[in-house]
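# please work out how this folds:
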Amino acid sequence: MQISTKFTIAIHILAAVDYFGKNQKITSDFLSSSIGTNPVIIRNIMSELKNAGLIETKRGPGGITMTRKPEEISFLDIYKAVESNSDGDLFRFHENPNPLCPVGGNIRSALYGKLEDVQKDFEASMEKHKLSDVLTDLHEEIQRKQA
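Residues are numbered from 1 along each chain as shown. Just a heads-up that it's a prediction; the model follows:
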């Protein structure tokens, strides 16, 4: 299983807003230079974070701010904000199994409950991890490298 880079880019955006936001205006161009990707990608992810209510953006001197405290933002919140399939099932079934085949006709019912359990475990684990945990580790790593 692989989650797209949008998830880690979103965390990078939020971490940069926290780290730099008190001293300077955070823009998509600024974030693009930190993340190393196109500003259009940054703006798209910022739009998803904004739609999820995790950030506010203001034109002009405002820049980007978080709408909640980092300890109130879970990995699951971020994941649901930026992953396009995050509102549905984590696992997708292939569309056309042969209903006349003993396996094809029954695989969905045999597998669905197990995959549902895996998704619940995944979401519970994502909920345990908070943005504040990343920020604490980030600040410690920056201080360690500056020492």
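# now do the phi/psi pair for Lys25.
Dihedral pair for Lys25: phi -70, psi 130, per degrees, to the nearest 10.
# surely it touches Gly63?
Yes - between Lys25 and Gly63 there is a contact under C-beta atoms under 8 Å: 3.9 Å. For the C-beta atoms, the positions are set from N, CA and C on the backbone; glycine is no exception.
# please identify which of those two sits among more neighbours.
Set side by side, Lys25 and Gly63 show more neighbours around Gly63, with 18 against 13, by other C-beta atoms under 10 Å.
# which parts of stretch 12-25 are buried?
Within stretch 12-25, the residues that count as buried by 16 or more other C-beta atoms under 10 Å are His12, Ile13, Leu14, Ala15, Ala16, Val17, Asp18, Phe20.
# wait, doesn't the last one sit right on Leu31?
Yep, that's Phe20 we're talking about. No - with contacts counted by C-beta under 8 Å, Phe20 stays clear of Leu31, the gap being 9.3 Å.
# what is the nearest of the buried residues of stretch 12-25 to Lys120?
Lowest distance from Lys120 to the buried residues of stretch 12-25 (C-beta to C-beta) belongs to Leu14, with 25.2 Å.
# with that, I have no additional questions.
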